[in-house]
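J.: give me a 3D structure for the following:
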Amino acid sequence: MNHQAILKQVEKAIGAAPRKFHFFDRLTWFKQDFPGWDWQDDDIRHSVHQWKHVFEQGRLTWGHIVQVNRLMFEKSEHNCPGEVLIWHDRAHPFDADAFALAAHNLFELKGTSEELVDGEEKAFAAQLENERARGYGARIPARIAHGLDLRASTIFFQRRHIPNGIITASLFPILYLEESPMVAVMVPSKFWPKELLRAW
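T.: Presented below is the predicted three-dimensional model:
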């Protein structure tokens, strides 16, 4: 899969920032579903409040799931949050294998926070273990990043943006804000090329 070519096709479909969306878009795919819990005092509110801004101004890149609520792997009416790895690096060409390995190694930290000595790894493990922790733009521990500029962020998935409404793969195009909080959204599958849809 030519990841660079796919992102170019996605950008052509959704447009370059600043993006404009029509009234019909706002009634269909651009319509936002809110969290199904009392979210106003939860940091997930950043995803809610920055929804429009990230679609209009967000930078396009690849995202990779680190962890996500298990409900997103099955048919459900619930939209759930997850943690995604963001390819923030501009100095190196995109490396899907290195990206996937970093995401895997981050998830492997979960459940080990009491044992870890490295401060960065300990903090990231604790964040994964706390289901209410939201890491908007968290830097990746150096041992796992291997010299790449990678970030992690909370994402609030919208089923209408996912092929068939179920997560069946881990790599997908995202838009994210460069400023803090580094809110990220999945690029809706309606903007994906056929090659990427087939991979899901």
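
J.: show me which residues of stretch 58-72 are buried.
T.: 58, 60, 61, 62, 63, 64, 65, 66, 68, 71, 72 (16 or more other C-beta atoms under 10 Å). Just so you know, the C-beta spots here come from the backbone N, C-alpha and C atoms, and that holds for glycine as well.

J.: ok, so of those, who is nearest residue 14?
T.: Among the buried residues of stretch 58-72, residue 60 lies closest to residue 14 (C-beta to C-beta), at 7.6 Å.

J.: contacting residues for the closest one?
T.: 7, 10, 11, 14, 173, 174, 175, 187 (C-beta atoms under 8 Å, 6 or more residues apart in numbering).

J.: and the residue sitting nearest the centre point of the chain, which of the three is it?
T.: By C-alpha atoms, centre = their mean, the chain has its centre lying nearest to residue 84, at 4.1 Å. Classification of residue 84 using DSSP: H, G, I helix; E, B strand; the rest coil returns strand.

J.: that older thread, just the buried ones from the contacts of residue 60?
T.: Neighbour-count burial (16+ other C-beta under 10 Å) applied to the contacts of residue 60 gives 7, 10, 14, 173, 174, 175, 187.

J.: got a list of what residue 187 touches?
T.: 10, 14, 60, 161, 172, 173, 174, 175.

J.: of those, which pair is most distant in space?
T.: The span of the contacts of residue 187, defined through C-beta to C-beta, is set by 60 and 161 at 14.4 Å.
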